[in-house]
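[1] quick one: sequence plus predicted model below, questions after.
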Amino acid sequence: MSKHLADKRKSSTGSRVQAFLRIARSGRETFHKPRGVAGTSRIRQFLRIERGRTV
């Protein structure tokens, strides 16, 4: 019996790996949107919540 076509694959040129590495090395802004700088009121609110104060 001869081998299946999947068993007779030609060696790859590495183009898929190159494309994956190009995407991995590019900036994260492709998938993640950067956040703005937290203002003083936002920091105060965070600290208030962190300290357990609700009012």
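    Sure thing, it's come through.

[2] remind me which residues of the chain are low pLDDT?
    Where the chain drops to pLDDT under 70, the residues are 27-32, 34, 54-55.

[3] show me where it has helices.
    Here the chain has its helices, by DSSP state H, at 15-25, 40-50.

[4] distance to residue 3 and mean neighbour count for those - can I get that in CSV?
    Any C-beta I mention is one placed from the backbone N, CA and C, and that applies to glycine too. CSV is the format used below for these (distance: least, C-beta to C-beta, whole Å; neighbours: other C-beta atoms under 10 Å):
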stretch, distance to residue 3, mean neighbour count
helix 15-25, 23, 9
helix 40-50, 63, 10
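
[5] turn those into a markdown table, including distance to residue 8.
    As requested, the helices of the chain are exported to a markdown table (distance: least, C-beta to C-beta, whole Å):
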| stretch | distance to residue 8 |
| --- | --- |
| helix 15-25 | 19 |
| helix 40-50 | 61 |
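
[6] nearest to residue 7, out of these?
    helix 15-25 (19.4 Å; C-beta to C-beta).

[7] and the closest one, C-alpha only, in PDB?
    Provided in PDB are the C-alpha atoms of helix 15-25 (Å, rounded to 0.1, in the frame of the first residue of the first chain):
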ATOM      1  CA  SER A  15       6.100  31.100   5.900                       C
ATOM      2  CA  ARG A  16       3.500  30.400   8.600                       C
ATOM      3  CA  VAL A  17       6.100  30.700  11.300                       C
ATOM      4  CA  GLN A  18       7.400  33.900   9.800                       C
ATOM      5  CA  ALA A  19       3.900  35.400   9.700                       C
ATOM      6  CA  PHE A  20       3.300  34.300  13.300                       C
ATOM      7  CA  LEU A  21       6.500  35.900  14.500                       C
ATOM      8  CA  ARG A  22       5.800  39.100  12.600                       C
ATOM      9  CA  ILE A  23       2.400  39.400  14.400                       C
ATOM     10  CA  ALA A  24       3.900  38.400  17.700                       C
ATOM     11  CA  ARG A  25       6.700  41.000  17.400                       C
END
